[in-house]
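Undergrad: next one to model:
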Amino acid sequence: MAMMQKTIQGLVLLFSCSILGGQADGMEFRCPGPSYVTGPQGPQGVQGPTGPAGPPGLEGPEGKMGPVGPAGPPGDPCKETQPIIFSATRTTGMEILFGVPHTVTFDVVTANEGLAFHGPSGTFTCSQDGYYFFSFSARKYQQVRADLTVNGRPAVSDVGSEGG
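TA: Model (predicted):
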């Protein structure tokens with residue numbers, strides 16, 4: 001393989017060629033093209049146009065909490081309320097036709113602070129505005145649906161079936 005080198009305005013071109021002929025005076029070269037060897041770095045060029053925006057980066061860490069703000073205006077005066085608490089139990093089973101609405105009544109009322117619950121009718125009557133929390137549990141042998149009604153309209157429903 002023969003190598004030729006030529007310099008053109010500071011750029012060095014190397015030609016790598018294969019010898020096809022066998023005699024020195026009749027050599028034929030086949031050259032695939034120049035291989036470039038870089039010279040010293042030139043000056044920086046002119047800045048090109050701005051490219052498209054890239055994808056968003058990763059979310060950074062949460063920042064520090066800011067300073068405490070000014071105090072707000074005074075709230076409305078609290079009105080004193082009477083606690084309302086009740087707990088009731090039904091000690092006997094109930095025969096209810098599936099799909100027919102029926103109010104569950106309670107024969108044992110163990111707590112009734114504020115006197116808002118009436119066990120024999122299964123009715124709780126709010127005596128004051130506020131937020132109320134209700135919780136219940138039941139044993140079931142078939143599918144059961146329980147509705148908490150407010151003014152005769154279902155507000156919350158829960159459906160359960162045996163084993164689930």
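
Undergrad: secondary structure class of residue 111, three-state.
TA: Following DSSP: H, G, I helix; E, B strand; the rest coil, residue 111 is assigned to strand.

Undergrad: helix, strand or coil for the residue nearest the centre of the chain?
TA: Nearest to the geometric centre of the chain sits residue 59, at 14.6 Å (Cα atoms, centre = their mean). Classification of residue 59 using three-state DSSP returns coil.

Undergrad: where exactly do the helices run in this protein?
TA: Here the chain has no helices by DSSP state H.

Undergrad: got any ranges where it has weak pLDDT?
TA: The model of the chain has pLDDT under 70 over residues 1-37, 140-143, 160-164.

Undergrad: swap the cut-off to 90 and go again
TA: For the chain, the stretches with pLDDT under 90 are 1-42, 75-83, 92-104, 126-164.

Undergrad: do a quick rundown of the strands in this structure.
TA: 2-8, 11-19, 29-30, 34-37, 85-89, 108-113, 117-118, 123-124, 144-150, 153-160 (DSSP state E).

Undergrad: so residue 112 is in contact with residue 86, correct?
TA: Yes. Between residue 112 and residue 86 there is a contact under Cβ atoms under 8 Å: 4.8 Å. (Each C-beta comes from the backbone N, C-alpha and C, glycine too.)

Undergrad: how much space separates residue 128 from residue 153?
TA: Residue 128 is 21 Å from residue 153, where distance means Cβ to Cβ, to the nearest Å.

Undergrad: now do residue 106
TA: For residue 106 relative to residue 153 (Cβ to Cβ), the value is 22 Å.
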